[in-house]
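[1] dropping a prediction and its sequence here:
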Amino acid sequence: MAVVISKVKQKDNLLDAVRTISGIDVRSCLQCKKCSNGCPVNTIAGTRPSEIIRQLQLSMDDKILESDLIWACASCETCFSRCPMKIDMAAVMDALRKIAVQKHDSRQKGNVHLFNKSFLKTVKMFGRTYDLGMIAAYKFGTANYFQDTDKFPMMLKKGKIALLPSFKGDKKFIKKIFARKQVKN
């Protein structure tokens, strides 16, 4: 597929939006591909981190928001630790997810957005994650109530999941973070 590069600067392109949200300027990327070589989700995603950066540089906005990598990224920051230019790819991916959701263009496979929303809701309520509450909210959202329920007794027996939430989290501090970041659930 041929890529046409235009000298005309586009208004409101994705590169500028990502830079505004994340504070990261991806134009400094050398395309060394160290981020892609260390990426743990490289084998599952159809797009590599270095390709996302290059597409941002070339203003291939629609193609980027269609990428499965922005939803598969684990934000492990392996790419950041390997990058000679110290480009924080996890922050770039967070910005791309935010833009995709704002544009109602989130074409992610599965229910990543629902899982994220369920997770943040429990953190906001209890000051830390409450696994059982998060799973219940997620299951309610997917209407897939009985999938994997056979694993619950063993997880409970091994102490991997608690019936009641822990109230040890600093709820005031967490609420300040949510207020400052204006995280909506």
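    Nice, I can see it.

[2] can you give me the domain boundaries for the chain?
    Domain segmentation of the chain under automatic domain parsing yields 14-102, 112-181.

[3] and those, which is most packed in?
    When the domains of the chain are scored by mean count of other CB atoms under 10 Å, the highest mean neighbour count falls to domain 14-102 (a mean of 18). For every residue, glycine as well, the C-beta is placed using N, CA and C.

[4] mean confidence score for it?
    Averaged across domain 14-102, the pLDDT comes to 90.

[5] and stretch 72-87, C-alpha only, in PDB?
    Output of stretch 72-87 as PDB, limited to C-alpha atoms (Å, rounded to 0.1, in the frame of the first residue of the first chain):
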ATOM      1  CA  ALA A  72      -4.200  -4.500  23.700                       C
ATOM      2  CA  CYS A  73      -1.300  -2.400  25.200                       C
ATOM      3  CA  ALA A  74      -0.700  -3.500  28.800                       C
ATOM      4  CA  SER A  75       1.000  -0.200  29.700                       C
ATOM      5  CA  CYS A  76       3.900  -2.200  31.100                       C
ATOM      6  CA  GLU A  77       6.400   0.500  30.000                       C
ATOM      7  CA  THR A  78       8.900  -2.000  28.600                       C
ATOM      8  CA  CYS A  79       9.000   0.100  25.500                       C
ATOM      9  CA  PHE A  80       9.700   3.200  27.500                       C
ATOM     10  CA  SER A  81      12.600   1.500  29.300                       C
ATOM     11  CA  ARG A  82      14.100   0.400  26.000                       C
ATOM     12  CA  CYS A  83      13.600   3.700  24.100                       C
ATOM     13  CA  PRO A  84      16.800   5.700  23.500                       C
ATOM     14  CA  MET A  85      14.700   8.800  23.000                       C
ATOM     15  CA  LYS A  86      12.600   8.200  26.200                       C
ATOM     16  CA  ILE A  87       9.300   8.300  24.400                       C
END
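
[6] no further questions, thank you.
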